[in-house]
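> just a sequence and a predicted model for now, questions to come.
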Amino acid sequence: MIEEILPPCVAVEERRYDPADATLFPDEEAVVARAVEKRRREFTTARMCARAALQKLGFATVSIPTGERGEPLWPTGALGSITHCDGYRAAAVARSREVVTLGIDAERNAPLPDGLVGDIARPEELPSLRRLAADHPEVHWDRLLFSAKESVYKAWFPLARSWLGFEDAIVVFDPNACTFEVRLLVAGPQLANGPLQALAGRWIARDGIVLTAISLTRT
């Protein structure tokens, strides 16, 4: 279902289970060599999804190693984003000549643990979360905010190569259009049309999952 919130130029692959035959390259295996079984399964299936998405764009089956901040390192000419949560794994990949950056995130559609929303939301975001929760209780908006900010970071880091905290972005949701707008509160990297100051994304809530996606295409 993540393809519904991404442009057609982005190839996606998703799974709701962990195939028994999913395997890793040796350098990928090293990343999870000491991980618990749950983490190994998530990582392995997500890498399988990433390779399948790359193949849809004509790329060879290659290792997708991990960078300094845990980000996936894509083959030359490609970029993308990977996500996983309980019961869902996905990857989105595009050609770098068509897309500037991508960020996706999946979370269970469930409330954040008690006390955590204050670490995720800025004070000016809290009134909107309360209104949205009252008007659209089928979506856990605190969790959706967490997901959106995760997608923001995943789209930001490959461009800026620097940290972006939850407090460094303000997210405004449109519950009817299933979109969100992001205002960045720190200086962004320079792009072809000027510094990155804002991002736009889309979201979906279905089958117990909330998904967010940001895709910045080249014009």
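Sure, I can see it.

> and the helix or strand containing Val172, which strands flank it?
Taking DSSP states H and E as the definition, one finds Val172 inside strand 169-174. Sheet pairing of strand 169-174 (DSSP bridges) gives strand 179-184 (antiparallel).

> and after the strand it pairs with, which helix or strand comes next?
strand 190-191.

> now that next one: average pLDDT?
For strand 190-191, mean pLDDT is 92.

> now stretch 104-115
96.

> and the contacts of it?
2, 6, 81-90, 92, 120, 139-140, 142-144, 146-148, 150-151, 154, 205, 208-214 (Cβ atoms under 8 Å, 6 or more residues apart in numbering). All C-beta atoms are positioned from the backbone trio N, CA, C, and that covers glycine.

> could you look up the SS state of the most centrally placed residue in the chain?
For the chain, the residue nearest the mean C-alpha position is Ile104 (2.0 Å; Cα atoms, centre = their mean). Following DSSP: H, G, I helix; E, B strand; the rest coil, Ile104 is assigned to strand.

> narrow the contacts of stretch 104-115 to those in strands?
Those of the contacts of stretch 104-115 mapping onto strands are 81-85, 88-90, 92, 205, 209-214, per DSSP state E.

> show me this structure divided up by domain.
As given by automatic domain parsing, the domain ranges for the chain are 2-98, 105-217.

> can you measure across the shortest one, start residue to end residue?
With Cα to Cα, to the nearest Å as the measure, the first residue of domain 2-98 is 19 Å from its last.

> rounded mean pLDDT for it, please.
Per-residue scores along domain 2-98 average to 96.

> coming back round to it: which among the contacts of stretch 104-115 count as buried?
Buried residues within these, counting neighbours by 16 or more other Cβ atoms under 10 Å: 2, 6, 81-85, 88-90, 92, 120, 139-140, 142-144, 146-148, 150-151, 154, 205, 209-214.

> hmm, back to that, pull the CA atoms of the strand holding Val172 into PDB?
Extracted C-alpha coordinates of strand 169-174, given in PDB (Å, rounded to 0.1, in the frame of the first residue of the first chain):
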ATOM      1  CA  ALA A 169      10.800  20.500  12.300                       C
ATOM      2  CA  ILE A 170       7.200  21.500  12.600                       C
ATOM      3  CA  VAL A 171       4.700  19.100  10.900                       C
ATOM      4  CA  VAL A 172       1.100  20.100  10.000                       C
ATOM      5  CA  PHE A 173      -1.300  17.400   8.900                       C
ATOM      6  CA  ASP A 174      -4.200  17.600   6.500                       C
END
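
> buried residues in it?
Neighbour count says strand 169-174 has Ala169, Ile170, Val171, Phe173 buried, by 16+ other Cβ under 10 Å.

> also stretch 57-67?
For stretch 57-67, the neighbour count (16+ other Cβ under 10 Å) marks Leu57, Phe59, Ile64, Thr66 as buried.

> done for today, thanks.
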